[in-house]
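> give the three-dimensional model of this entry:
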Amino acid sequence: MPLSTNTEALREMQRLEMTNTGRLRAVPARHISHTPATTELRSTPEPWRGRLVADLAERAAGSLSPDSAEYLVFSDNLLIAVLTVAARVVLPDYPLSPVQRRHQAAVAHALGDLPRNTLRWLADRRANMDGRDKQARLEVNPPAGAIQVAAVDDPTVTTWVTIDADPNTSRMSIRQCGLDPDHLIVITAPGYGGYGRDRHRLDLPILYAMRQLADRHDVTAAVIGDWLAAEGATNADLTPEQIFTDFTAAYIGPFASELDYTRQHMIELGWIAALEHAGIPGSYLDEAAVKRDWFRSQVRGISRATHDGVEVFHRTVPAA
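From the prediction side, this is the model:
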């Protein structure tokens, strides 16, 4: 396989992919389980070597537990980190070289901050393993308004909870599921558009604010999430108050199409009246060209999920 840079390798580790920089190497446990584990772990001191050889043998036989190894990372052929099925990072305590210690610190940080897609895959697989198949199946067709959450210290045991625009009732619903709303991680948030899909970590107060805006302006949370993503909020840390302010300033309203907005705005600007006053036929104005220019530089249209119209916003981030 081609060699990766350290930065690339750490990203690949967060996706639990096989990767190799030449000195830093990571392998999913399922691959080691089908090769002689004693060869892969030949440089690993005891008792770690014996434990992992036995663990990988059990895995190859089809036996998994939350503490089973899921992913192994080596530095100069010495094991420096293990990720378990339960997404816990385990670090061997035997002596390491300075380079291996640096590698171990970087790997521990990367594996301790897994993307939600990776956590979701681990959680669904663990739900099947634990006989909670319904939890995994809900991923395919989640209940309306539901999000998949887990305790911060056990992110692969998930449950689906329903939240709404009222933080108090939402927090009560979460507590009724045995979770602390102040110490959980949102794994999946369907119905929150690009922001809910692509942001690395989702905060409940932001999701509450999105629901409140949706109710107030008669739009969907998906529209708000797509607008946030288009404006770059996916990689920015915003407060609910900022989102309220920015949305209120940006939102223009619903229209049947982008061309429908263009025509209405031309009327508001007095263009149509000016043409009529000058005796110039309206067909001389290239509405499609005006629409392209405005939606490229001044406003943006966010399509509704039902594809029956568009929500129009003032643009703050120009098109790429």
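
> residue 272: neighbour count?
Applying other C-beta atoms under 10 Å, we find 15 other residues in the vicinity of residue 272. Backbone N, C-alpha and C define where each C-beta goes, glycine included.

> no wait, residue 216
12.

> which residue packs closest to residue 194, ignoring adjacent ones?
Spatially, and ignoring its direct neighbours in sequence, residue 194 is nearest to residue 229 (3.0 Å; C-beta to C-beta, 6 or more residues apart in numbering).

> next one: residue 208
Distances taken as C-beta to C-beta, 6+ apart place residue 167 nearest to residue 208, at 4.7 Å, with adjacent residues excluded.

> hmm, that neighbour is touching residue 207, no?
No - using C-beta atoms under 8 Å, residue 167 is not in contact with residue 207; the gap is 9.6 Å.

> of the two, who's got more company?
Neighbours per residue, other C-beta under 10 Å: of residue 167 and residue 207, the larger number sits with residue 207, 25 against 18.

> which residues touch that one?
Going by C-beta atoms under 8 Å, 6 or more residues apart in numbering, residue 207 touches 147, 163, 186, 189, 192, 196, 221.

> can you pull the phi/psi pair for it?
phi -60, psi -40 (degrees, to the nearest 10).

> I'd like the distance between it and residue 76.
44 Å (C-beta to C-beta, to the nearest Å).

> backbone dihedrals for the most far-flung residue of the chain relative to its centre, please?
Outermost residue of the chain with respect to the C-alpha centroid, by C-alpha atoms, centre = their mean, is residue 279; its distance is 55.0 Å. With angles defined as degrees, to the nearest 10, residue 279 sits at phi 70, psi 20.

> state the distance from it to residue 218.
41 Å.

> helix or strand right after whichever strand or helix holds residue 168?
Assessed by DSSP states H and E, residue 168 sits inside helix 167-176. Sequence-wise, the next helix or strand downstream of helix 167-176 (DSSP H and E) is strand 184-188.

> distance between that following strand and the chain's centre?
Remark: strand 184-188 is offset 9 Å from the chain centroid, using C-alpha atoms, centre = their mean, to the nearest Å.

> which strands or helices does that strand pack on?
Contacts defined by 3 or more C-beta pairs under 8 Å, 6 or more residues apart in numbering; DSSP states H and E place strand 184-188 against helix 116-129, strand 146-151, helix 204-217.

> figure out which of the ones you listed is closest to residue 264.
For residue 264, the closest of these is helix 204-217, at 18.1 Å, according to C-beta to C-beta.

> average pLDDT across the following helix or strand past that closest one?
Moving toward the C-terminus from helix 204-217, the next helix or strand (DSSP H and E) is helix 221-230. The average pLDDT within helix 221-230 is 96.

> right, and residue 301 touches residue 311 too?
Yes - counting by C-beta under 8 Å, residue 301 touches residue 311, with 7.1 Å between them.

> pull up the overlap in contacts between those two.
Common neighbours of residue 301 and residue 311, counting by C-beta under 8 Å, 6+ apart, are residue 255.

> residue 201 falls within a helix, correct?
No - in this structure, residue 201 is coil, not part of a helix, as judged by DSSP: H, G, I helix; E, B strand; the rest coil.

> that one: neighbour count?
For residue 201, the count of nearby residues is 10 (other C-beta under 10 Å).

> if we can go back for a sec, what's around the residue nearest to residue 194, how many residues?
The number of residues packed near residue 229 is 20, by other C-beta under 10 Å.

> you'd agree it is up against residue 222?
No - in this structure, residue 229 is not within contact of residue 222 by C-beta under 8 Å, at 10.5 Å.

> what's the overlap in contacts for these two?
residue 193.

> that older thread, ok, the residue nearest to residue 208 - contacts?
Under the criterion of C-beta under 8 Å, 6+ apart, the neighbours of residue 167 are 204-205, 208.

> give me the buried subset of the residues you listed.
Among those, those classed as buried by neighbour count (16 or more other C-beta atoms under 10 Å) are 204, 208.

> want to throw the contacts of residue 167 into TSV with pLDDT?
Output for these, formatted as TSV (pLDDT from 0 to 100):
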residue	pLDDT
204	95
205	95
208	94
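
> and which of the contacts of residue 167 is nearest residue 132?
Closest approach between the contacts of residue 167 and residue 132, by C-beta to C-beta: residue 204, at 23.0 Å.

> how much space between that closest one and residue 43?
For residue 204, the distance to residue 43 equals 45 Å [C-beta to C-beta].

> thought residue 282 was touching residue 272?
Yes - between residue 282 and residue 272 there is a contact under C-beta under 8 Å: 6.6 Å.

> output the below-cut-off pLDDT ranges for the stretch 1-150 of the chain.
Scanning the stretch 1-150 of the chain for pLDDT under 70 picks out 33-38, 135-136, 139.

> can you give me the strands for it?
Under the criterion DSSP state E, counting those that start in this stretch, strands of the stretch 1-150 of the chain are mapped to 19-20, 24-28, 69-75, 78-84, 89-90, 146-151.
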